[in-house]
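In: fold the following and give me the result.
(one chain, ligands or ions: 2)
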Amino acid sequence: MQDVFLYDTTLRDGNQDRKISLSLADKLQVAKLLDTFGFDYIEGGWPNPSNPTDVEFFKRIGEMQLNHAKVAAFGSTRRPKILAENDPLLQALVASGAPVKTIFGKSWDLHVTDVIRTTLEENLDMIESSIRFLQEHSEEVIYDAEHFFDGYKANPQYALETIKAATLGGADFIVLCDTNGGTMPWELQGIFEEVKKVTDVPLGIHAHNDSGVGVANSLVAVKSSAQMIQGVLNGYGERCGNADLTTIAADLVLKLQKNVYCGKNLKELRKVSLALDQIVNLPSDVHSPYVGDAAFAHKGGAHIDGVMKVSRSFEHVDPKLVGNNRVFVTSDQAGGSLVVEKIKELLHIEVDKKDPKVQNLLRLIKERENAGWHFDSAEASFEMLVYRTLGRFESPFSVENYRVIEDRSEQGVSVSQASVKLRVKDEISHQVAEGDGPVNALDAALRKALVPYYPYMKNVHLKDFKVRVLGSNVGSDAHVRVWSTFGDENGVWHVAGVSTNIIEASWFALVDGLSYKLYQESLKGSGK
Ligand SMILES: CC(=O)SCCNC(=O)CCNC(=O)[C@H](O)C(C)(C)COP(=O)(O)OP(=O)(O)OC[C@H]1O[C@@H](n2cnc3c(N)ncnc32)[C@H](O)[C@@H]1OP(=O)(O)O
Ligand SMILES: CC(=O)C(=O)O
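Out: Residues are numbered from 1 along each chain as shown. Ligands and ions are numbered 1, 2, ... in the order given. Just a heads-up that it's a prediction; the model follows:
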């Protein structure tokens, strides 16, 4: 028997996020994803004639075979002064064919009198009669008590009357909603206890994150015997978002030891979270608990040392449990332990933290990090520093000189020309190339000089290039950091260069980028 049912409303409340606009194809893809992960309910949207995407969604999802999830259609109670069976929106809910119908109704007297502008008595009947009507056409009816906590604080007696009306109507779940997201966990707990006194219907929680406590409120509700949590994977939603079901799923299993259906798939959590970001076309939140890139990324030297000795000294759970990975961040805050770990990872050798080579490498890392290299996003430059410092890479070329000329014609057209003179295999290779800007020209000349000796270099391309002025000194003598992405048919790699001279910073990055390729090829023993 499950302790808690997870009800995902990404397709309805998540789609109310100002940055999200899901197409029918997106919705069907997300529904498949949520079902495969093991959520118990998928709220597909609000089917009504003015929303053809959702009407079509319910038609299409009804034809699909889902593994486990029940599909819910969302709407409101009937309008005032009309019978439930004559209300077009309730009729549209029935027509959707969804086995579960979820309707929201008003709990807050202010909303009854000032927003839907009817009487308190009529609203109670709207709740009861709408649920009763839908029960005749559904496997399950869920009642979402909108603004329940604000309503209870304003008029507790009336708010509890609405719960009794939903109970009389025959709701299968009554879900208390913190619609404005302003309720604190301790307030919520007390109100749950009062609701339990007036109904035997299983309770649920639907929390918004406007006070940053959407997840906390959902967990407190479970502690107060809630058996359903409504939320949104990755916490998308209107304003500050809905309670994040990604975090909630992991917390329920790993912290509250609750039996939830998706618990068996927890190792897929990060993958599912990233897949949703991909479909909604939004960048993933690196700080997202459990699943973010930074969730298990250690930067402080003392933390890295601790994790390497006893992982739980700085990790609240094993990252593998949620499909995430431990990351040691290379930075000026690193210590010898990080260097030992990186050498092991790159060269598969064990070295002692006190070894002078390790200490020398640590000194160079810190010097460069302080200068602005930021190796965490320039892994190939970091690797080249390791290989060079440990004597694993001797460059097959040396630089005699390089030069860049900017030529601007009378017509105002600028052309950059670079010349590069290298010593390769005891020969001089001197090449000139033009480019769209000085870095492009330098890159072209450098590769032209290397290609006769290393033909595979013609397949290496400079794919991205960014310049950032470092520090507070933003004058023309400031340090600049050049960050570049290189790639070939086998993949991409990132490098950086720092100098007060933008051409020199670019040159450092270019040399690292091409040296990285030479190193990789030397490992294959392919040589020329
Ligand atoms: C808390 C939540 O997140 S609820 C979900 C909010 N999501 C949405 O609104 C998205 C989907 N909504 C829609 O497509 C449209 O708003 C519709 C089709 C439902 C209604 O459209 P319209 O009839 O043009 O009304 P409009 O959107 O301007 O106003 C909302 C109406 O719903 C009524 N209403 C609001 N809540 C309820 C309720 N619980 N029970 C009955 N009626 C309600 C309001 O009184 C208002 O009616 P009025 O026009 O007679 O004053
Ligand atoms: C039902 C709902 O979405 C809310 O009250 O927030």
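In: quick check: domain ranges of this structure?
Out: The record's domain split for the chain, according to the TED database, is 5-280, 397-453.
In: near ligand 2, which residues of this protein are found?
Out: Taking CB under 6 Å from any ligand atom as the contact definition, the chain meets ligand 2 at Asp13, Phe104, Asp144, Glu146, Cys177, Thr179, His206, His208. For glycine as for every other residue, the C-beta is placed from the backbone atoms N, C-alpha and C.
In: quick one: contacts for Gly437?
Out: Contact partners of Gly437, counting by CB atoms under 8 Å, 6 or more residues apart in numbering, are Ser416.
In: rewinding a little: ok, which pair from the residues of the chain next to ligand 2 is furthest apart?
Out: Phe104 and His208 (13.0 Å; CB to CB).
In: deepest of the domains of the chain, which one?
Out: domain 5-280 (a mean of 20; mean count of other CB atoms under 10 Å).
In: re earlier: of all the domains of the chain, which one comes closest to ligand 1?
Out: domain 5-280 (3.7 Å; CB to the nearest ligand atom).
In: could you give the mean pLDDT of the closest one?
Out: Confidence over domain 5-280, taken as the mean pLDDT, stands at 97.
In: distance of the spatially closest residue to Val220 that is not a sequence neighbour relative to ligand 2?
Out: Excluding its sequence neighbours, the residue lying closest to Val220 (CB to CB, 6 or more residues apart in numbering) is Pro185, at 4.4 Å. Here the criterion is CB to the nearest ligand atom, to the nearest Å. By it, Pro185 lies 17 Å from ligand 2.
In: surely Pro185 touches Val215?
Out: No - with the criterion set as CB atoms under 8 Å, Pro185 and Val215 do not qualify as a contacting pair; they are 10.0 Å apart.
In: can you give me the end-to-end span of stretch 274-286?
Out: Across its full length, stretch 274-286 reaches 11 Å between end residues, using CA to CA, to the nearest Å.
In: for that stretch, give me every contacting residue.
Out: Residues from elsewhere that reach stretch 274-286, judged by CB under 8 Å, 6+ apart: 10, 14, 19-20, 22, 26, 29-30, 33, 233-234, 236, 273, 291-294.
In: can you list which of those residues are found in strands?
Out: Judged by DSSP state E, the subset of the contacts of stretch 274-286 located in strands is empty.
In: phi and psi next, for the residue nearest to Tyr41 when sequence neighbours are not counted.
Out: Closest residue in space to Tyr41, ignoring its immediate chain neighbours: Tyr7 at 4.0 Å, by CB to CB, 6+ apart. Main-chain dihedrals, Tyr7, degrees, to the nearest 10: phi -120, psi 110.
In: how about the contacts made by Tyr7?
Out: If a contact means CB under 8 Å, 6+ apart, then Tyr7 has Phe39, Asp40, Tyr41, Glu43, Ala72, Ile142, Val175, Gly204, Met228, Ile229, Gln230, Gly231 as its contacts.
In: wait, the first one sits on Leu245?
Out: Yes - using CB under 8 Å as the test, Phe39 is close enough to Leu245 to be in contact (7.3 Å).
In: now list whatever residues contact both of these two.
Out: Taking CB under 8 Å, 6+ apart as the criterion, Phe39 and Leu245 both touch Leu6, Asp8, Leu233.
In: the residues you listed into a markdown table, with extra columns for distance to Gly190?
Out: Written out in a markdown table, the entries for the shared contacts of Phe39 and Leu245 read as follows (distance: CB to CB, whole Å):
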| residue | distance to Gly190 |
| --- | --- |
| Leu6 | 25 |
| Asp8 | 28 |
| Leu233 | 29 |
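In: now these in TSV, with distance to ligand 1?
Out: Formatted as TSV, the shared contacts of Phe39 and Leu245 follow (distance: CB to the nearest ligand atom, whole Å):
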residue	distance to ligand 1
Leu6	19
Asp8	15
Leu233	17
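In: could you list which of those belong to helices?
Out: Taking DSSP state H as the definition of helices, the shared contacts of Phe39 and Leu245 contribute nothing to them.
In: how long is stretch 177-195 from one end to the other?
Out: From its first residue to its last, stretch 177-195 covers 13 Å (CA to CA).
In: ok, and what's touching that stretch?
Out: With CB under 8 Å, 6+ apart as the contact definition, stretch 177-195 has outside contacts at 104, 107, 144-150, 152-153, 156, 160, 163, 174, 176, 203, 205-211, 213-214, 216-217, 220-221, 223-226, 239-240.
In: any part of it near ligand 1?
Out: Yes - using CB under 6 Å from any ligand atom, we find that stretch 177-195 touches ligand 1 at Thr179.
In: centre of the chain to that stretch, how far?
Out: Stretch 177-195 has its C-alpha centroid displaced from the chain centroid by 28 Å (CA atoms, centre = their mean, to the nearest Å).
In: equivalent analysis for stretch 212-226, please.
Out: Distance of stretch 212-226 from its chain centroid, counting by CA atoms, centre = their mean, is 22 Å.
In: thanks a lot, catch you later.
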